[in-house]
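Student: All I have is the shape, not the residue letters:
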């Protein structure tokens, strides 16, 4: 069977929702190769940021074949920031940076900000319109909303992004882009857009 890619929207420290979603992915993908792309933000706003980061790291270390129940996939933790904004990081009531091992911080620093496959570009926020391919502006990739959200621009590939939450808990699906950020802090729903190797847009969505 073809490999599936699960693009997971902004987690924001909702470790329980992430745990639920990863369990569903493992159950759905039994016997099938898969990879995860985390669109970020992973920490900062939610109550269990440290545990959320630990879960993402454990996923990265897991096998790529889906028949191992507790080892969902290879990971491309590439499409944005693990960290949310440039502010002090607080998790579980303590200073996150002060309380985390240097290895965890080194892992965070080494994550890529964009990932691509044959049909799609995965990025945290989006690209500036009017240019095909990956936007060279790091600021745009991390922060842009408009005019990215208002145009049906052809960026050369389908763009999968987060950063702009749906407070109704419904993922955004558009001709040229997909946004699985469903505001888990408000809605309780963490969403993964499921992609295959044949169709640029998602073939389905999965929610915690």
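Tutor: Okay, I see it. Everything quoted here is computed from the prediction, not taken from an experiment.
Student: Can you list the strands that the helix or strand harbouring residue 160 pairs with?
Tutor: Using DSSP states H and E, residue 160 falls within strand 158-161. Strand pairing for strand 158-161, using DSSP bridges, gives strand 120-123 (parallel), strand 177-179 (parallel).
Student: can you redo these as JSON lines with mean neighbour count and distance to residue 150?
Tutor: C-beta coordinates here come from the backbone N, C-alpha and C atoms, glycine included. Conversion of the strands paired with strand 158-161 to JSON lines gives the following (neighbours: other CB atoms under 10 Å; distance: least, CB to CB, whole Å):
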{"stretch": "strand 120-123", "mean neighbour count": "26", "distance to residue 150": "17"}
{"stretch": "strand 177-179", "mean neighbour count": "25", "distance to residue 150": "11"}
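Student: wait, which of the ones you listed is closest to residue 198?
Tutor: strand 120-123 (11.9 Å; CB to CB).
Student: if we look at the closest one, which residues are touching it?
Tutor: Residues outside strand 120-123 that contact it (CB atoms under 8 Å, 6 or more residues apart in numbering): 5, 7, 37, 39, 76, 78-80, 113-116, 127, 133-135, 141, 155-161, 195, 200.
Student: hmm, back to that, could you pull up the mean pLDDT of the strand holding residue 160?
Tutor: Mean pLDDT, computed over strand 158-161, is 96.
Student: try stretch 59-69
Tutor: Rounded mean pLDDT across stretch 59-69 is 45.
Student: rewinding a little: Produce a ChimeraX select command limited to the buried residues of the contacts of strand 120-123.
Tutor: Buried residues among the contacts of strand 120-123 (16 or more other CB atoms under 10 Å), as a ChimeraX selection:
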select :5,7,37,39,76,78,79,80,113,114,115,116,127,134,135,141,155,157,158,159,160,161,195,200
